[in-house]
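Peer 1: Below are the sequence and a predicted model for it; my questions follow.
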Amino acid sequence: MAQLGWIGGPLSLLLFAFFTLVSAYFISDVHIYSNPNTGNTTVNQSYLQAVHTILGYKNGLVCGCLVYFSIFKTGVVYTITSSISMRAIRQSNCYHEEGHEAACEFNDTYYMLMFGMVQILASQIPNIFHTKWLSIIASIMSFTYSFIGMGLGLAQVIAKGKVEGSISGISTTNPTQKVWLAAQALGDIAFSYTFSLILLEIQSTLKSPPSQKVTMKKASTIAVFTTTIFYVCCGGFGYAAFGDLTPGNLLTGFGFYEPYWLIDFGNACIVLHLVGGYQIYTQTLFAIVERWYAEKFPQSAFAKDVTSLKVSLLPEFRINPLRLCFRTTYVVLTMAVGMLFPYFNEVVAFAGSVIFWPLTIYFPVEMYFVQKKVVPWSGKWIVLRIYTAFCLFVTVFTLAGSIEGLIAKRFG
């Protein structure tokens with residue numbers, strides 16, 4: 001919001017919300033696909049399966065690489081964000097005890113290790129169907145810290161008696177820097193609207209009647225609308241409170257110092273939300289890899305349960321060597337990349353821009369063409385091609401800005 005200003009910020013959020021909702025509708029329609037050539041009907045239980053079934057092997061291969069990268073980069077971003085929030089709790093207490101001018105700087109590495117240890121344990125949950133309780137906790141925490149951020153921003157505006165910010169956004173020393181910051185801001189927004197990747201997994205768990213497609217479209221509309229309202233309010237109140245000095249994260253950038261206990265609680269909610277969110281995304285990847293291994297090596301003892309583990313207050317975990325080794329290695333890799341590039345805004349922008357166009361725009365539109373048998377050069381075909389080209393241009397712009405930001409942070 002701060003990089004784009006009072007007009008560009010809200011409009012960009014609404015635009016990406018529209019892109020996401022269109023994508024969600026297209027993807028919901030391909031949950032059940034009838035092949036016109038063979039007459040076979042396929043129930044697509046994942047995004048990757050839908051692309052492979054409808055668009056063929058080559059598109060499925062490319063999509064698979066992008067989906068795996070998308071899930072992995074989400075794990076990296078969640079690791080970085082959680083460590084920043086845990087560090088912010090310690091900083092908040094330090095500023096409260098030592099004063100706002102105290103040198104309360106701490107390294108993120110220790111907190112990334114803590115988050116990783118929790119994820120190594122949580123990753124032993126067998127599959128996504130056993131993460132319902134994590135989903136509920138994550139949702140509650142998300143609403144809680146969002147309200148805290150909005151409340152603190154609104155209180156700051158009331159205390160100042162004026163609204164900060166401008167139409168053009170944060171001022172910079174030269175126009176080129178402004179362009180790069182705007183591109184990074186769009187990348188951050190793109191990252192925030194990526195739930196379409198797990199839409200079919202969720203749709204497969206819904207009961208009918210009404211049809212799963214109808215229910216999923218209603219749920220997607222409500223989810224995108226609610227999320228956008230929260231994004232606009234959180235970004236708007238923060239920018240109104242601090243103007244050009246708006247931090248990248250209201251609860252970790254220390255625009256606020258008091259009440260310190262509320263800031264601590266808000267950051268604790270962020271951590272709990274990301275613990276659950278990490279598992280919701282990565283369980284999809286775990287299932288794909290472990291299903292492939294089981295089909296490839298059906299007699300392998302490496303993929304068979306050997307024992308169970310019961311941790312207090314948590315469900316019983318069935319342990320097998322494949323799950324333990326692969327999932328632990330995966331968590332360690334996300335930690336390692338997070339430690340190598342611990343730059344929140346820049347990493348989020350890069351992650352969002354790399355996968356936004358192919359996964360949110362291109363593949364859903366192409367599947368829609370096949371599913372609905374859209375005639376080339378018809379009115380609908382032309383409109384969707386223009387839509388795809390415009391989104392590609394936006395994605396290239398955001399990718400360039402995010403790469404520039406990463407290079408500047410890492411080597412500048």
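Peer 2: Okay, I see it.

Peer 1: Sketch out the low-pLDDT regions of the stretch 101-250 of the chain for me.
Peer 2: Scanning the stretch 101-250 of the chain for pLDDT under 70 picks out the ranges 127-133.

Peer 1: again, 90 this time
Peer 2: Along the stretch 101-250 of the chain, the parts satisfying pLDDT under 90 run over 101-110, 120-214, 216, 219, 223, 226-227, 230-250.

Peer 1: From Thr20, how far off is the nearest residue to Leu272 once chain neighbours are set aside?
Peer 2: In space, Leu272 comes closest to Met141 once its chain neighbours are excluded; the distance is 4.5 Å by CB to CB, 6 or more residues apart in numbering. (Glycine included, C-beta is placed from N, CA and C.) Per CB to CB, to the nearest Å, Met141 is found 22 Å from Thr20.

Peer 1: next one: Asn59
Peer 2: 21 Å.

Peer 1: before we move on, what about Lys213?
Peer 2: 17 Å.

Peer 1: When the two are compared, which one has more neighbours?
Peer 2: Thr20 (24 against 17; other CB atoms under 10 Å).

Peer 1: what's the helix or strand hosting the more buried one packed up against?
Peer 2: According to DSSP states H and E, Thr20 maps onto helix 5-29. Helix 5-29 sits against helix 175-192, helix 199-204, helix 212-242, helix 363-372, with contacts defined as 3 or more CB pairs under 8 Å, 6 or more residues apart in numbering; DSSP states H and E.

Peer 1: between it and helix 363-372, how big is the angle?
Peer 2: If you take axes from the mean of the first three to the mean of the last three CA atoms, to 10 degrees, helix 5-29 sits at 40 degrees to helix 363-372.

Peer 1: Moving C-terminal from helix 5-29, which element do we reach first?
Peer 2: strand 32-34.

Peer 1: tell me which residues in that following strand are buried?
Peer 2: Across strand 32-34, burial judged by 16 or more other CB atoms under 10 Å covers Tyr33.

Peer 1: And for it, what's in contact with it?
Peer 2: Asn40, Thr41, Thr42, Val43, Asn44, Ala50, Thr53, Ile54, Lys213, Gln371 (CB atoms under 8 Å, 6 or more residues apart in numbering).

Peer 1: next one: stretch 10-27
Peer 2: 1, 4, 47, 50, 185-186, 189-190, 192-193, 195-196, 199-200, 216-217, 220-221, 224-225, 227-228, 231-232, 235-236, 360-361, 364-365, 367-368, 387, 391.

Peer 1: switch to 6 Å and redo it
Peer 2: 4, 189, 193, 196, 199, 217, 220, 224, 228, 231-232, 360, 364, 368 (CB atoms under 6 Å, 6 or more residues apart in numbering).

Peer 1: Stretch 268-275 too?
Peer 2: With CB under 6 Å, 6+ apart as the criterion, stretch 268-275 contacts Tyr78, Thr81, Ser82, Ser85, Met86, Val118, Ala138, Met141, Ser142, Thr144, Tyr145.

Peer 1: The third one and Val370: what is the separation?
Peer 2: What it means is Ser82. On the measure of CB to CB, Ser82 and Val370 end up 40 Å apart.

Peer 1: Looking at those two, which is more packed in?
Peer 2: Ser82 (28 against 16).

Peer 1: got a list of what the more buried one touches?
Peer 2: Phe115, Val271, Leu274.

Peer 1: Sort out which of these are in strands and list them.
Peer 2: Per DSSP state E, strands hold no members of the contacts of Ser82.

Peer 1: Of those residues, which belong to helices?
Peer 2: Phe115, Val271, Leu274 (DSSP state H).

Peer 1: how much space between Thr172 and Gly405?
Peer 2: In terms of CB to CB, Thr172 sits 13 Å off from Gly405.

Peer 1: the more surrounded of these two?
Peer 2: Gly405 (22 against 16).

Peer 1: right, and out of the contacts of strand 32-34, which lies closest to Trp381?
Peer 2: Trp381 has its nearest neighbour among the contacts of strand 32-34 in Gln371, at 13.5 Å by CB to CB.

Peer 1: Now do that closest one, the pLDDT please.
Peer 2: The score at Gln371 is 89. That number is its pLDDT.

Peer 1: What residues does it make contact with?
Peer 2: Asp29, Val30 are the contacts of Gln371 under CB under 6 Å, 6+ apart.
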